[in-house]
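In: using only what follows, build the 3D model:
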Amino acid sequence: MSAVRAGGDGSSVSVDGIVEAMAVLRTRCPWSSEQDHSSLVKYVREETEELVDALTDFQAQPTPEHREAVIDELGDVLYQVLFHSALLDESGGEDYGHSLGAVIAGLEAKLVRRHPFAFDGLGRNGPMASLEDVEAEYRRIKDEERDAGGHRTDHVGHRSETDGEEAQ
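Out: Numbers count the residues shown, from 1 in each chain. You can find the predicted model right below:
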């Protein structure tokens, strides 16, 4: 895996550390070692709701405390992704981190594939396309994916036409 920047000082943190921590928990913690996908569903829901609450608080009052609460809740949701990825690794006979790597690589590919206006080779400095063009292209890509029969049901970063809210 690789590192991500963790602070304004340019320091970075490796994903390897949390993968190894999860591996230790799965092998040495009695609670963690007994969990499976089904037993963790309630925690995925709980942590997601807590993130929504923290985001709501932050949007109402963007204080440093509310920002920290959002970061904390994002970590809890990431823990759920990490836990389910570790379970997939175990069930597939893979090394810990394999499924998390697949999740990250798949998300990166999806973001690029579904946003051709943004990933046109100009990087962050290119012009912004119109919202109408982006939405039309996104619908075309989603239809193409659906016709190809892939399991692609998310709406990463685009407005849902049914409820008018930003979908994740």
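In: contacts, neighbours, all on C-alpha from now
Out: Noted.
In: regarding this protein, what is its longest helix?
Out: helix 64-92 (DSSP state H).
In: what is the subsequent helix or strand relative to it?
Out: The first helix or strand that comes after helix 64-92 along the chain, using DSSP states H and E, is helix 98-114.
In: buried ones in that following helix?
Out: Within helix 98-114, the residues that count as buried by 16 or more other CA atoms under 10 Å are 98, 99, 100, 114.
In: show me which helix or strand of the protein is least confident by mean pLDDT.
Out: The helix or strand of the chain with the lowest confidence, counting by mean pLDDT, DSSP states H and E, is strand 166-167 at a mean of 39.
In: check what pLDDT residue 67 gets.
Out: Residue 67 carries a pLDDT value of 98.
In: swap in the one 10 residues further on?
Out: Among the per-residue scores, residue 77 shows a pLDDT of 98.
In: and residue 149, helix, strand or coil?
Out: coil (DSSP: H, G, I helix; E, B strand; the rest coil).
In: from residue 142, how far out is it?
Out: Plainly put, residue 149 is 11 Å away from residue 142 if you go by CA to CA, to the nearest Å.
In: of those two, which one has the most company?
Out: More crowded of residue 149 and residue 142, by other CA atoms under 10 Å: residue 142, with 17 against 9.
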